[in-house]
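[1] any chance you can model this:
(one chain, ligands or ions: 1)
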Amino acid sequence: MSDEIALSVRDAVLRFGGITAVDGVGFDVERGETFGIIGPNGAGKTALLNCVSGVYRLDGGTISLFGTRVDGLAPHRVSALGLARTFQNTEHFKRFTLLDYVLLGAVHRGRASALWSVLAWPVMERAERRERAAAREVLDLLGLAPLAMEELAELPYGVQKRADIARALAARPQVLLLDEPTSGTTTGERADVADAIDQVCAAGVTTVLVDHDVDFVSRRCGRTLVLAHGTPLGVGTPAEMLARPDVVEAFLGVPSA
Ligand SMILES: Nc1ncnc2c1ncn2[C@@H]1O[C@H](COP(=O)(O)OP(=O)(O)OP(=O)(O)O)[C@@H](O)[C@H]1O
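    Numbering: from 1, shown residues only. Purely as a prediction, here's the structure:
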């Protein structure tokens, strides 16, 4: 693990009317690290990821990507600075083939203006060939290449979850946010999603992993942030954090014995 900070969140606050969804959250993720965020339902995990990716604008605090402030930027600008994320569903892309869906991730890097596209079509054609090659490379890495021409709608849910990881990875992100990558999967599918994430981590991609499955996060993350009701309970190794009575109480909803 390097000591270069890839993602830095300081005193983040996000409110929805009277609800404070994220309340003074801070953490650093080092380059190459797989960092976890866990917490019970409604803890603010997804809201926090939405702040990092520019979907929500912070009411307080700062977010930096490799030292550059990104809070207040639109999602496409944050993504141009090297951040990619998965979503909790791929509902709107059901008619895409797996390859086209993954190409969405590759294509968004360095798209040119329409005028430039017309004037420089040979260059654009070469760029498109490169994007297709990049998409196929990612499909290969995640063991999805044989399914490249299948429609997403026809593929099992677990494959759709892996497809979403592939799409995000095709953008060659500096930092990858995985939002509930195993939610709704069967035990078998979860093992396949786990393999895909392990490939991503082994490739050295800086990753933030949010999941309901605490064991799943604990096995992959050296450090994790624990949130409860939007408030940070702390950052530490999963074993350290899960041994704390306040963390146990947050998950169980009752004081630990
Ligand atoms: N768009 C929104 N409008 C109003 N309130 C919201 C919105 N999004 C989230 N919230 C509220 O913010 C709080 C945190 O929600 P969030 O979805 O981030 O929690 P979470 O930890 O991701 O939960 P889960 O594990 O159930 O997905 C909750 O009280 C939720 O109801």
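
[2] in the stretch 101-250 of the chain, which spans are strands?
    Counting by DSSP state E, counting those that start in this stretch, the stretch 101-250 of the chain forms strands over residues 175-179, 206-210, 223-228, 231-236, given from the N-terminal end onward.

[3] number of nearby residues for the closest residue in space to residue 145 that isn't next to it in sequence?
    Using C-beta to C-beta, 6 or more residues apart in numbering and skipping the chain neighbours, the partner closest in space to residue 145 is residue 139 (4.6 Å). All C-beta spots, glycine's among them, are computed from the backbone N, C-alpha and C. Using other C-beta atoms under 10 Å, residue 139 is surrounded by 22 other residues.

[4] list the contacts of residue 139.
    Contact partners of residue 139, counting by C-beta atoms under 8 Å, 6 or more residues apart in numbering, are 98-99, 102, 145, 147-148, 166.

[5] most packed of the strands of the stretch 101-250 of the chain?
    Most buried of those, by mean neighbour count (mean count of other C-beta atoms under 10 Å): strand 206-210, with a mean of 26.

[6] by contact count, what packs against that one?
    The elements that strand 206-210 packs onto, with contact taken as 3 or more C-beta pairs under 8 Å, 6 or more residues apart in numbering; DSSP states H and E, are strand 5-16, strand 19-30, strand 34-38, helix 45-52, strand 175-179, helix 187-202, helix 214-220.

[7] now those in JSON lines, with distance to the ligand and mean pLDDT?
    Below are the helices and strands packed on strand 206-210 laid out as JSON lines (distance: least, C-beta to the nearest ligand atom, whole Å; pLDDT from 0 to 100):
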{"stretch": "strand 5-16", "distance to the ligand": "3", "mean pLDDT": "97"}
{"stretch": "strand 19-30", "distance to the ligand": "3", "mean pLDDT": "96"}
{"stretch": "strand 34-38", "distance to the ligand": "8", "mean pLDDT": "96"}
{"stretch": "helix 45-52", "distance to the ligand": "3", "mean pLDDT": "95"}
{"stretch": "strand 175-179", "distance to the ligand": "8", "mean pLDDT": "95"}
{"stretch": "helix 187-202", "distance to the ligand": "16", "mean pLDDT": "90"}
{"stretch": "helix 214-220", "distance to the ligand": "11", "mean pLDDT": "93"}
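
[8] tell me which of those is the most buried.
    Each of those was assessed for mean neighbour count using mean count of other C-beta under 10 Å. The highest is strand 34-38, with a mean of 26.

[9] show me what that strand is packed against.
    When contacts are defined as 3+ C-beta pairs under 8 Å, 6+ apart, strand 34-38 packs onto helix 45-52, strand 206-210, helix 214-220, strand 223-228, helix 238-242.

[10] write out the residues of the stretch 151-257 of the chain neighbouring the ligand.
    Counting by C-beta under 6 Å from any ligand atom, the stretch 151-257 of the chain comes close to the ligand at residue 212.
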